[in-house]
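1. no sequence on hand, only this structure:
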């Protein structure tokens, strides 16, 4: 007999020291927390079954967020408030579930509908008076090229990739803070840390690479009319 399949969408935060935990380890932490609380997950079929758990867009190592989104399938219903309470009691203090929603029938997984992401990039104080000029110089580049491991000519190798078309907007909102809106589709997903490596090199300060703090502040779905709607608001409207 097949178990009841209840789909839930969770909003969680990953902050402080948890930003140094990689995606695969974080998945294991969630699985163990759910199992410890006696909440039964639905597993896939086949030779190597795995829990029905997916993330809108995995967060890069070293970054923080209060808007991470995870879809799970449970073998039995549980009230959302109870699910949040029980999971948080088994999770580390800086990896906590903030909200839970019942997914409507036929709803697409978050990973299939997210198109854009928003970040705040907190910069070191050392070059505070020069960041406006640095940013202007960076955005004037005709191409912003990174190296990426990809399949080319039938094998995996490092290739050059122009990420400038993936940058929707990049602005200095405060003396030490940049706001980035970028593409985050399955095919075109800009990683801010890779962009910042080129930023620092363009500014003539490659030694500053990695000293910025990156915080994800939004995940969005682009509508047919071009509007961006954040994934959390979509769930609240149901």
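-> Thanks, I have the structure now. This structure is a prediction, so every number in the text was calculated from the model and none was measured.
2. CA only for contacts and neighbour counts going forward, please
-> OK.
3. contacting residues around the lengthiest helix in the chain?
-> Criterion DSSP state H: the longest helix present in the chain is helix 23-36. Contact partners of helix 23-36, identified using C-alpha atoms under 8 Å, 6 or more residues apart in numbering, comprise 40, 41, 58, 59, 60, 61, 87, 90, 91.
4. count the residues that sit near residue 40.
-> For residue 40, the neighbour count with other C-alpha atoms under 10 Å is 17.
5. that one and residue 5, how far apart?
-> 10 Å (C-alpha to C-alpha, to the nearest Å).
6. anything in contact with each of these two?
-> Contacts common to residue 40 and residue 5, judged by C-alpha under 8 Å, 6+ apart, are 74, 75, 76.
7. re earlier: can you say which of the contacts of helix 23-36 are buried?
-> By neighbour count, with 16 or more other C-alpha atoms under 10 Å, the contacts of helix 23-36 hold 40, 41, 59, 60, 87, 90, 91 as buried.
8. what pairs with the strand or helix carrying residue 216, parallel or antiparallel?
-> Assigned by DSSP states H and E, residue 216 belongs to strand 213-222. In the sheet, strand 213-222 lines up against strand 64-74 (parallel), strand 116-122 (antiparallel), strand 228-230 (antiparallel) (DSSP bridges).
9. could you pull out the buried residues of the last one?
-> Of the residues in strand 228-230, those buried by neighbour count under the rule 16+ other C-alpha under 10 Å are 229, 230.
10. count the neighbours of residue 128 for me.
-> Using other C-alpha under 10 Å, residue 128 has 12 neighbouring residues.
11. show the backbone phi and psi for it.
-> Taking degrees, to the nearest 10, you get phi -50, psi -40 for the backbone angles of residue 128.
12. picking that back up, tell me the one among the shared contacts of residue 40 and residue 5 nearest to residue 172.
-> residue 74 (42.8 Å; C-alpha to C-alpha).
13. for whichever strand or helix holds residue 54, packing partners?
-> Per DSSP H and E, residue 54 falls inside strand 53-55. Contacts defined by 3 or more C-alpha pairs under 8 Å, 6 or more residues apart in numbering; DSSP states H and E place strand 53-55 against strand 64-74, helix 110-113.
14. off-centre distance for the last one?
-> Put simply, helix 110-113 sits 12 Å off its chain's centre (C-alpha atoms, centre = their mean, to the nearest Å).
15. identify the farthest-apart pair in the buried ones among the contacts of helix 23-36.
-> Every pair of the buried ones among the contacts of helix 23-36 checked by C-alpha to C-alpha; the farthest is 40 and 60, at 28.2 Å.
16. sorry, back to before: need the helices and strands packed on strand 53-55 in JSON lines (columns: distance to residue 104 and mean neighbour count).
-> Shown next, in JSON lines, are the helices and strands packed on strand 53-55 (distance: least, C-alpha to C-alpha, whole Å; neighbours: other C-alpha atoms under 10 Å):
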{"stretch": "strand 64-74", "distance to residue 104": "12", "mean neighbour count": "21"}
{"stretch": "helix 110-113", "distance to residue 104": "12", "mean neighbour count": "18"}
